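Student: Sequence unavailable; structure follows:
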């Protein structure tokens with residue numbers, strides 16, 4: 001992103017959030033200029049403590065509403081075994097980058113008609129988004145990223161099911177154990193000592209029944225935030241809101257705690273995506289896990305000299321390959 005775009009983005013955030021945005025920016029800058037990893041993690045932690053403190057002060061009435069409520073909604077409703085799987089690309093499948101199409105193709109290969117590809121033309125069929133937010137989207141006041149965060153919550157709130165980000169590659173079917181829970185997510189357990197989500201959840205995979213407390217709480221806070229500010233204070237705003245829910249609302253903490261550790265190698269394929277493909281090494285990279293994040297904005301390489309890369313292997317064989325541990 002060009003410096004001018006960063007400046008324009010910060011000015012928008014400052015106009016809406018004021019002094020707190022300067023504190024957040026300071027912590028971000030410190031993470032970029034300090035080489036020591038431990039100190040970078042410290043400033044990352046401080047950044048999101050700052051974000052969380054702001055959210056708590058601004059939206060504590062919503063947090064306390066869920067904290068004090070005895071209504072557990074559908075929190076005992078298990079994820080349906082044959083529920084729909086929602087994946088979103090705003091411009092539509094045909095306009096998606098190559099790697100995104102590969103990830104979606106893999107979902108279609110495994111789950112067939114359970115997969116619903118949501119785009120700008122059909123999202124209203126699956127979600128109830130406030131009229132004012134749709135107006136802000138049409139006016140390009142809110143970003144597609146912020147809209148995507150609200151959309152996933154609205155879809156799950158209304159329908160239940162599985163939301164998976166388009167940039168997650170599904171090597172194997174989901175673990176059948178997930179269907180015994182009212183809420184499920186990727187819980188890799190990584191970065192637990194400094195990251196805002198502490199490895200307890202991954203917003204790229206959220207699964208629930210209709211009207212689950214976690215989904216409703218997130219929807220209420222993030223919708224209020226967009227209506228008040230037209231943008232999020234920081235990139236991991238979603239995680240910060242959920243962290244506050246986990247810390248303050250017992251029912252949310254209980255549901256997240258019940259999710260077992262899973263997909264601990266979630267980031268490994270992305271790290272080695274441009275390395276030369278080797279069957280044995282590839283199986284070691286993905287061993288034991290089902291889901292893998294692939295950052296779609298990076299530069300991909302199909303060949304290393306005369307040999308294909310892991311990226312090219314996914315493009316050529318991603319739909320059909322089958323791995324059994």
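Tutor: Nice, thanks for sending it over. Everything numeric here is computed off the predicted structure, so don't read it as measured data.

Student: how about residue 25, what does it touch?
Tutor: Listed by C-beta atoms under 8 Å, 6 or more residues apart in numbering, the contact set of residue 25 reads residue 10. In short, each C-beta sits where N, CA and C put it, glycine included.

Student: For it, give me the pLDDT.
Tutor: Residue-level confidence at residue 25 comes out at 92, pLDDT.

Student: likewise residue 70?
Tutor: Predicted confidence (pLDDT) at residue 70: the value is 64.

Student: Residue 267 - how many residues pack around it?
Tutor: Residue 267 has 14 neighbours, counted by other C-beta atoms under 10 Å.

Student: just checking, it touches residue 294?
Tutor: No: no contact is recorded between residue 267 and residue 294 when judged using C-beta atoms under 8 Å, the distance being 9.6 Å.

Student: Please, where are all the helices along this structure?
Tutor: Remark: helices of the chain, listed N- to C-terminal, are 3-17, 19-33, 37-68, 98-111, 131-138, 144-159, 213-229, 237-248, 250-258, 268-271, 279-286, 310-317; assignment by DSSP state H.

Student: Okay, buried residues for the last one please.
Tutor: Judged by neighbour count (16 or more other C-beta atoms under 10 Å), helix 310-317 contains these buried residues: 310-315.

Student: With respect to residue 26, which of those is nearest?
Tutor: Of all these, residue 311 has the smallest distance to residue 26: 36.9 Å, by C-beta to C-beta.

Student: which strands and helices sit next to the helix-or-strand element of the chain with minimal mean pLDDT?
Tutor: Each helix and strand of the chain was given a mean pLDDT (mean pLDDT, DSSP states H and E); the minimum falls on helix 3-17 at a mean of 83. Here helix 3-17 touches helix 19-33, going by 3 or more C-beta pairs under 8 Å, 6 or more residues apart in numbering; DSSP states H and E.

Student: okay, the angle between the helix it packs on and helix 37-68?
Tutor: Calculated by axes from the mean of the first three to the mean of the last three C-alpha atoms, to 10 degrees, helix 19-33 forms an angle of 150 degrees with helix 37-68.

Student: so helix 19-33 versus helix 3-17, what angle?
Tutor: Here helix 19-33 runs at 150 degrees with respect to helix 3-17, directions being taken by the same axes, to 10 degrees.

Student: list the buried ones in helix 19-33?
Tutor: Using 16+ other C-beta under 10 Å as the test for burial, helix 19-33 gives 20-21, 23-25, 27, 30-31.
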